[in-house]
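Peer 1: show me how the following folds:
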Amino acid sequence: MTHASPTPSERSVPRRAPGTALSEYTTLRLGGPARELVEVRSSEEAVEVLREAQGPTLVLAGGSNVVIGDDGFDGTVVLLRGGGIEPVGDAIRVEAGQVWDDFAAWTVAEGFSGVECLSGIPGSAGATPIQNVGAYGQEVAQTIAAVRVWDRERDEVRDWTPEECAFAYRHSVFKHDDRYFVMSVDFRLEASPLSQPVAYAELAKRVGVEVGERVPLAEAREAVVELRRGKGMVLDERDHDTWSAGSFFTNPIIGAHDYRDLAERAGGEPPHWPLGDERVKVSAAWLIGAAGFEKGHRRGNVGLSTRHTLALTNRGGASTGELLALAREVADAVEAKFGVRLHPEPVMVGARLD
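Peer 2: Numbering: from 1, shown residues only. As a prediction, this is how the structure comes out:
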């Protein structure tokens with residue numbers, strides 16, 4: 001279904017002076033200056049700015065899943081604020097700027113099951129389909145009914161089906177293509193006081209049930225938040241373990257032949273999950289630890305989290321260059337020992353590992 005493009009707002013959009021450090025708007029507290037930064041209060045305002053911008057553009061909301069280079073961004077950065085939640089037919093529409101965990105808490109309070117295990121994740125709702133955000137046995141692709149997208153090439157707004165979004169593990173058609181701006185997301189959730197069947201062993205153990213059983217929504221949310229907090233994955237200004245972009249590397253997906261080679265090199269089978277089609281997903285955290293990196297491994301002003309090896313953290317006063325050097329150190333060591341290359345999960349802006 002195609003909708004008319006948003007009409008220009010009569011209200012002026014605030015603009016900020018050039019040179020604003022993007023480190024102020026990322027959970028890593030890293031990133032150089034923006035040529036121009038514009039704060040907007042709705043997706044419609046964001047489209048206005050994006051349509052009129054000269055040169056490259058970047059949309060930032062929660063800033064929780066992005067690594068921005070020390071040189072910053074030589075273009076217009078749209079800082080998306082504001083949100084909204086409303087029923088639309090048999091779905092619930094969430095504006096892109098909505099704080100994600102506030103939405104997760106709302107679903108639990110209102111008795112809607114489907115995203116309770118995604119509680120505690122930082123960032124905005126609009127970022128979730130881009131990354132196909134997932135944790136503790138759930139991912140947003142399981143409940144997304146539609147994604148409203150502005151196509152900047154055609155200058156039109158259209159609702160995309162999940163099939164068009166091409167969701168995959170921590171990926172979608174939007175992830176590496178700035179042609180599309182996600183304006184809102186429709187979720188189809190189950191009206192139930194119980195969680196979806198618990199699919200993650202660690203969570204099942206925490207709530208005292210077998211995998212596949214259901215628990216009260218509030219119990220599931222509380223357990224997930226506590227698990228995340230114990231790993232430094234709930235934002236806390238005072239806790240440098242949370243000065244991160246979450247899990248820095250995705251769990252690698254390899255073929256059966258490569259997995260057998262990995263197991264031989266490892267002297268046994270590492271934690272893994274068969275995916276079918278002769279593919280296997282392997283634990284990146286295990287690979288990092290087995291390659292010799294302990295929690296809290298430091299390299300100058302950056303280091304691995306003191307709570308788990310998947311998060312690369314800013315210990316204070318760091319640069320993006322330092323973070324990337326640590327990421328290369330880890331990825332190179334894992335590849336040298338196991339023949340598997342780790343790839344970053346966050347969106348890289350003016351930054352790269354290769």
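
Peer 1: so who does Leu118 touch?
Peer 2: By Cβ atoms under 8 Å, 6 or more residues apart in numbering, the contact set of Leu118 is 100, 104, 128, 133-136, 138-140, 224. C-beta coordinates here come from the backbone N, C-alpha and C atoms, glycine included.

Peer 1: just these: which are in helices?
Peer 2: 100, 104, 128, 224 (DSSP state H).

Peer 1: pretty sure the second one sits against Ser119.
Peer 2: In this case it means Ala104. Yes: under the criterion of Cβ atoms under 8 Å, Ala104 makes contact with Ser119 at 4.5 Å.

Peer 1: give me the common contacts of those two.
Peer 2: With Cβ under 8 Å, 6+ apart as the test, Ala104 and Ser119 both reach Arg221.

Peer 1: more neighbours: these two, which one.
Peer 2: Counted by other Cβ atoms under 10 Å, Ala104 and Ser119 do not tie: Ser119 has more neighbours, with 26 against 22.

Peer 1: check the more buried one and give its pLDDT.
Peer 2: The model reports Ser119 with a pLDDT of 98.

Peer 1: now do Ala96
Peer 2: 97.

Peer 1: look up how far Arg41 lies from it.
Peer 2: Applying Cβ to Cβ, to the nearest Å, the value for Ala96 to Arg41 is 12 Å.

Peer 1: neighbour count for the two, which is higher?
Peer 2: The residue with more neighbours, out of Ala96 and Arg41, is Ala96; 27 against 16, by other Cβ under 10 Å.

Peer 1: any idea how far that one is from Gly72?
Peer 2: Separation of Ala96 from Gly72 (Cβ to Cβ) stands at 23 Å.

Peer 1: point out where the stretch 1-150 of the chain drops to low pLDDT.
Peer 2: Low-confidence segments of the stretch 1-150 of the chain, defined by pLDDT under 70: 1-14, 17.

Peer 1: and if we set it to 80?
Peer 2: Filtered on pLDDT under 80, the stretch 1-150 of the chain yields the residue ranges 1-18.

Peer 1: could you list the residues in contact with stretch 180-187?
Peer 2: With Cβ under 8 Å, 6+ apart as the test, stretch 180-187 has contacts from 43-44, 46-47, 50, 59, 88, 91-96, 114-115, 125-130, 140, 143-152, 157, 159, 173-174.

Peer 1: out of those, list just those in strands.
Peer 2: Here DSSP state E is the test, and these give 59, 88, 91-95, 144-151, 157, 159 as lying in strands.

Peer 1: filter those residues to the buried ones?
Peer 2: Buried members of the ones in strands among the contacts of stretch 180-187, scored by 16 or more other Cβ atoms under 10 Å, are 59, 91-95, 144-150, 157, 159.

Peer 1: among those, which two are most distant?
Peer 2: Val59 and Ala91 (23.2 Å; Cβ to Cβ).

Peer 1: quote the end-to-end distance of stretch 127-136.
Peer 2: One end of stretch 127-136 sits 18 Å from the other (Cα to Cα, to the nearest Å).

Peer 1: an error on my part: the question was meant for stretch 287-304.
Peer 2: Span of stretch 287-304 from end to end, Cα to Cα: 14 Å.

Peer 1: buried ones in that stretch, by neighbour count?
Peer 2: Per 16+ other Cβ under 10 Å, stretch 287-304 contains these buried residues: 287-291, 293, 295, 297, 299, 302-304.

Peer 1: for the stretch 101-250 of the chain, what spans make up the strands?
Peer 2: 112-113, 134-135, 138-139, 144-151, 156-160, 180-187, 190-191, 244-247 (DSSP state E, counting those that start in this stretch).

Peer 1: can you list those strands in JSON lines and add distance to Arg260?
Peer 2: Compiled in JSON lines, these are given as follows (distance: least, Cβ to Cβ, whole Å):
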{"stretch": "strand 112-113", "distance to Arg260": "39"}
{"stretch": "strand 134-135", "distance to Arg260": "27"}
{"stretch": "strand 138-139", "distance to Arg260": "28"}
{"stretch": "strand 144-151", "distance to Arg260": "35"}
{"stretch": "strand 156-160", "distance to Arg260": "39"}
{"stretch": "strand 180-187", "distance to Arg260": "39"}
{"stretch": "strand 190-191", "distance to Arg260": "40"}
{"stretch": "strand 244-247", "distance to Arg260": "26"}
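
Peer 1: report the separation between Leu203 and Ala220.
Peer 2: Leu203 is 8 Å from Ala220, by Cβ to Cβ.

Peer 1: who has more neighbours, these two?
Peer 2: Counted by other Cβ under 10 Å, Leu203 and Ala220 do not tie: Ala220 has more neighbours, with 26 against 22.

Peer 1: that one and Glu116, how far apart?
Peer 2: Separation of Ala220 from Glu116 (Cβ to Cβ): 5 Å.

Peer 1: over to Glu36?
Peer 2: 39 Å.

Peer 1: what's the most distant pair in the buried residues of stretch 287-304?
Peer 2: Counting by Cβ to Cβ, the most remote pair of the buried residues of stretch 287-304 is Ala290 and Val302, 21.2 Å apart.

Peer 1: tell me, how many residues neighbour Glu52?
Peer 2: Neighbours of Glu52 (other Cβ under 10 Å): 11.
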